[in-house]
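K.L.:
Here is the input, now give the coordinates:
(one chain, ligands or ions: 1)
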Amino acid sequence: MSNDTDRVKGAAFSRARAERIVIVGSGQAAVELAASLRQRRFAGSVILVGDEPDLPYQRPPLSKDFHPASRAVMPLRAESFYAANSIELRLGVVAQRIDRDACVVVLADGTPLPYDHLVLATGARNRVPAIPGLNLGTSLELRTLVHARNLATRLVELRHVTIVGGGFIGLELACLLRGRDIEVDVIEAGDRLMGRMLSPVMSDYFRQFHTKAGLRLRFRNTVRSVGRDPAREVVTLADGPTINTDAIVMAVGVLPNNALARAAGLKVDNGIVVDAQLRTDDPTISAIGDCAAYPNPFSGGLVRLESVQNAIDQARCVAARLTGSPAPYRSLPWFWSNQGSARLQIAGLAGDGDRPVLRGDPKSGEFSVFLYRGERLIAVESVNKPSDHMFARRILSAGLSVPRSMATDIGVDLRGLAGAAAVAESTPIS
Ligand SMILES: Cc1cc2nc3c(=O)[nH]c(=O)nc-3n(C[C@H](O)[C@H](O)[C@H](O)COP(=O)(O)OP(=O)(O)OC[C@H]3O[C@@H](n4cnc5c(N)ncnc54)[C@H](O)[C@@H]3O)c2cc1C
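P.N.:
Below is the predicted model:
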């Protein structure tokens, strides 16, 4: 599509409000967007297309406290919510193609869905590395309810599981399995746990924590091949040793679902590229959630986040724009992960060179790591310290900082600080 056509479409869109909004995806971001549109009294059609057959559900419990007994577990909204709010659900069908000139999404069953505005909330899928012998029929993964049910049906027969990937989801699942007395080996290619998200000092805490809980952690290692013995799987590691195991779970990260956008000629770069208001390079198409790469004001550059907070806040931002209150997306990123008795919470986005300052004693199992870039607070990682986490969210969202001396002194009650402004006065931000 030419730039001229885009400009004409953009101008037409800004004159006339969208009457028909089509959302591709039925995950956290999609459902939040549909709900927010109605909350903001959007009166046009809202159609949500998802390729998973289940009523939209929450993913976080799948690796934490999944209970396979009921079918529609952990729904994002009750089934009645959609009808009550005139949100049309088209589940179990793939959105196959976008005809941008005609403003139509074509479903796999051939149905054309015209739109005034299209929102891509297509999420991400698990990365599956090419490992000789890895039979996806018997190996497991965890992203969807179908995956969780597969895992649940095999739980009783499992004595040993090999988890490939020492990230959030692999470790949460490892704790869940250990809680059922299942032996677990975790194979991690890097030299520390959750290395993409955590400071080395916090990674090290979790290395000790999980080792004590009985996980066997194997760093700087990958799976060279998988065979059968014949009753069990035999995992051969890159550095030689083999592990006999009942199941292999691949938990090595995700890839954004951006094929639909790419095929439609939209800009894609590790995610569907959007501007500060979450618009793609076509003004009638937005992208939100795990699939979207957006300019992050906290870290700079294009960032693609995989978190509930990001999915929800981006959905709300787009709903506000589509109902006449446009604003750039500026929410502070925050995350959580439950691993055994440790509730990890992170506020902000730290980088490799950021300097850690400890608040509290890791031996107590309740402490935080404050991360500084120069004199400026960038992020806070907390274990079982929700008050530190909430403080960090407040202060970082306001673009403020706190002096290291206050951060390290557990005698200073952060909640008791006289509001963010007082902290700002004491610490000029560069
Ligand atoms: C096991 C697990 C545990 C997690 N735990 C946490 C946690 O503790 N804290 C946290 O913050 N985050 C957690 N997350 C991440 C969080 O769940 C995601 O960031 C969030 O669900 C992203 O929402 P989304 O709507 O962007 O994408 P998704 O939830 O992935 O939804 C996208 C949907 O779109 C569908 N789709 C894709 N392409 C098409 C198409 N062409 N046509 C139709 N449908 C399509 C997909 O199949 C999918 O159903 C976890 C994720 C998993 C898998």
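
K.L.:
that's a strand at residue 35, yeah?
P.N.:
No: Residue 35 is assigned helix when assessed by DSSP: H, G, I helix; E, B strand; the rest coil, not a strand.

K.L.:
Could you number the chain from 27 rather than 1 from now on?
P.N.:
I'll keep to 27 as the first residue from here, and by that count the last item is residue 61.

K.L.:
Contact partners for it?
P.N.:
By Cβ atoms under 8 Å, 6 or more residues apart in numbering, residue 61 lies in contact with 103, 107, 111, 113. No exception for glycine: its C-beta is placed from N, CA and C like everyone else's.

K.L.:
pLDDT value on it, please?
P.N.:
Note for residue 61: predicted pLDDT of 98.

K.L.:
before we move on, back to that, which of the contacts of residue 61 are buried?
P.N.:
Among these, those classed as buried by 16 or more other Cβ atoms under 10 Å are 103, 107, 113.

K.L.:
just to revisit the earlier point, if we take the contacts of residue 61, which one ends up nearest to residue 426?
P.N.:
residue 103 (35.4 Å; Cβ to Cβ).

K.L.:
Tell me the residues on the stretch 327-456 of the chain that lie near the ligand, please.
P.N.:
332-335, 337, 361-363 (Cβ under 6 Å from any ligand atom).

K.L.:
With the stretch 77-226 of the chain instead?
P.N.:
77-78, 85-86, 88-89, 120-121, 147-150, 168-169, 195.

K.L.:
Can you turn the buried part of those into a PyMOL selection?
P.N.:
Buried residues among these (16+ other Cβ under 10 Å), as a PyMOL selection:
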select buried, resi 77+78+85+86+88+89+121+147+148+149+150+168+169+195
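
K.L.:
now for the residues of the stretch 77-226 of the chain next to the ligand, which pair is the farthest apart?
P.N.:
Taking Cβ to Cβ, the two most distant members of these are 89 and 121; they sit 26.9 Å apart.

K.L.:
Point me to the residue of the stretch 227-376 of the chain nearest the ligand.
P.N.:
The minimum distance from the stretch 227-376 of the chain to the ligand, using Cβ to the nearest ligand atom, falls at residue 315 (2.2 Å).

K.L.:
domain parsing for the protein?
P.N.:
What automatic domain parsing lists as the domains of the chain is 29-91+99-151+281-348, 166-276, 367-452.

K.L.:
what's the least confident stretch among those?
P.N.:
Least confident of the domains of the chain, judged by mean pLDDT, is domain 367-452 with a mean of 89.

K.L.:
want to try TSV for the residues of the stretch 327-456 of the chain next to the ligand, with secondary structure and neighbour count as columns?
P.N.:
Listed next are those as TSV, based on DSSP: H, G, I helix; E, B strand; the rest coil; neighbours: other Cβ atoms under 10 Å:
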residue	secondary structure	neighbour count
332	coil	19
333	coil	18
334	helix	18
335	helix	17
337	helix	27
361	strand	19
362	strand	17
363	strand	22
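
K.L.:
and the spatially most central residue of the chain, what does it touch?
P.N.:
For the chain, the residue nearest the mean C-alpha position is residue 332 (2.2 Å; Cα atoms, centre = their mean). Applying Cβ under 8 Å, 6+ apart, we find residue 332 in contact with 150, 280, 316.

K.L.:
quick one on the thing from earlier: and the buried ones among the contacts of residue 61 as CSV, adding distance to residue 242 and secondary structure?
P.N.:
Shown next, in CSV, are the buried ones among the contacts of residue 61 (distance: Cβ to Cβ, whole Å; DSSP: H, G, I helix; E, B strand; the rest coil):
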residue, distance to residue 242, secondary structure
103, 40, coil
107, 44, helix
113, 47, strand
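
K.L.:
Tell me the one among the residues you listed nearest to the ligand.
P.N.:
residue 103 (13.3 Å).

K.L.:
Hmm, residue 57 and that closest one touching each other?
P.N.:
Yes: with contact defined as Cβ atoms under 8 Å, residue 103 reaches residue 57; the gap is 6.1 Å.

K.L.:
Show the contacting residues for the closest residue to the ligand within the stretch 127-276 of the chain.
P.N.:
Across the stretch 127-276 of the chain, the shortest distance to the ligand (Cβ to the nearest ligand atom) belongs to residue 149, at 2.1 Å. The contact partners of residue 149, taken as Cβ under 8 Å, 6+ apart, are 51, 53, 55, 282-283, 315-317.
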